[in-house]
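**Q** model the following, please.
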Amino acid sequence: MSIHPTAIVAPGAVIPDSCTIGPYCTIGPEVKLGEACNLVSHVVIDGRTSMGARNIIYPFASVGVAPQDLKYNGEPTETAIGDDNTIRECVTISRGTEKGGGITRVGSGNLLMAYVHIGHDSLVGSHCILANAATLAGHVVIEDYASVGAFSPVHQFCTVGQYAFIGGGTIVTQDVLPFSLTSSRRENKAFGINKVGLSRRGFSQERLNTLQKAFRLLLASKINTSQALEKIRELEGEDAKIVADFIERSQRGVIK
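**A** Below you'll find the model as predicted:
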């Protein structure tokens, strides 16, 4: 185990021998790290925080800290981080609250760029990219393979669907459709499917064609949303069903 002499590791913390703890890091007594984690320097990990393997955390990041919620009174809530995440400088990840489910989760293989904030009780999937200063209020859900652009705040209780791409500077106050390219010019709009991102993730032309048909029905036809959903469900393939199901379970409405 490599622990710099200036680091402070509280008794009770679980740190495998394969981990590297750099200068001036602070690790709380209820923290559990997985194999081969690397805390570069000046990292704070606190609370009931469990972390998987091979995560790298850059200077001045704070993980598992108390939530920015005036109702929080020190309850023993949690933070859970998966494997192979890159957490860049000054990222903050707050632990959960008792009324919000008690846990903040981040999956595996994510890139959290500098100054990202993940608020209490948020659920971030796997293989997501949160660009610089993307800000998740409490109770936000980011599904797998989604990308949130730089300086984009996401309102409480919003869901960003899988494979969605949110352009930089977009203020998200409603749910973001899966597979969509959503951005703000004068107002927030979904501009169709995230074609480039989906192609890079290995989507076949057939899947892209089906999604394009679904989005045309939803965004460009003269029928209402209920009628569009009926027609989308008639399309072949699982992707169309995912879009329809997402819209039907949305609590805040979706950006169209």
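
**Q** who touches stretch 128-136?
**A** 107, 110-119, 122, 124, 142, 144-154, 168 (Cβ atoms under 8 Å, 6 or more residues apart in numbering). (Each C-beta comes from the backbone N, C-alpha and C, glycine too.)

**Q** any of those buried? List them.
**A** By the neighbour-count criterion of 16 or more other Cβ atoms under 10 Å, these include these buried positions: 107, 110, 112-119, 122, 124, 142, 144-150, 152-154.

**Q** okay, now residue 220: neighbour count?
**A** Here the neighbour count serves as a burial measure; for residue 220 (other Cβ atoms under 10 Å) it reads 9.

**Q** same question, residue 15
**A** Residues within reach of residue 15, counting by other Cβ under 10 Å, total 18.

**Q** measure it to residue 33 for me?
**A** Computed as Cβ to Cβ, to the nearest Å, the residue 15 to residue 33 distance reads 5 Å.

**Q** please enumerate the shared neighbours of those two.
**A** Common contacts of residue 15 and residue 33, defined by Cβ under 8 Å, 6+ apart, comprise residue 27.

**Q** of the contacts of stretch 128-136, which belong to helices?
**A** Counting by DSSP state H, no part of the contacts of stretch 128-136 is found in helices.

**Q** outline the domain layout of the chain.
**A** For the chain, the structural domains run 2-142, 198-249, going by automatic domain parsing.

**Q** can you give me the neighbour number for the closest residue to residue 254 other than its chain neighbours?
**A** Distances taken as Cβ to Cβ, 6 or more residues apart in numbering put residue 175 closest to residue 254, at 4.7 Å, once the chain neighbours are dropped. Counted with other Cβ under 10 Å, the burial measure for residue 175 works out to 24 neighbours.

**Q** which residues sit in contact with residue 175?
**A** Residue 175 makes contact with 158-161, 246, 250-255 under the criterion Cβ under 8 Å, 6+ apart.

**Q** taking these, please make a PyMOL selection of just the buried ones.
**A** PyMOL command restricting these to the buried ones, with burial defined by 16+ other Cβ under 10 Å:
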select buried, resi 158+159+160+161+246+250+254+255
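
**Q** which ones are touching the residue nearest to residue 217 when sequence neighbours are not counted?
**A** Setting aside the residues directly before and after it, residue 217 is nearest to residue 228 in space (Cβ to Cβ, 6+ apart), at 4.5 Å. The neighbours of residue 228, taking Cβ under 8 Å, 6+ apart as the test, are 217-218, 221.

**Q** if you rank those residues by neighbours, which is first?
**A** Neighbour counts for these, by other Cβ under 10 Å, peak at residue 218, which reaches 23 neighbours.

**Q** what's near enough to touch that residue?
**A** Counting by Cβ under 8 Å, 6+ apart, residue 218 touches 177, 225, 228, 232, 243, 247, 256.
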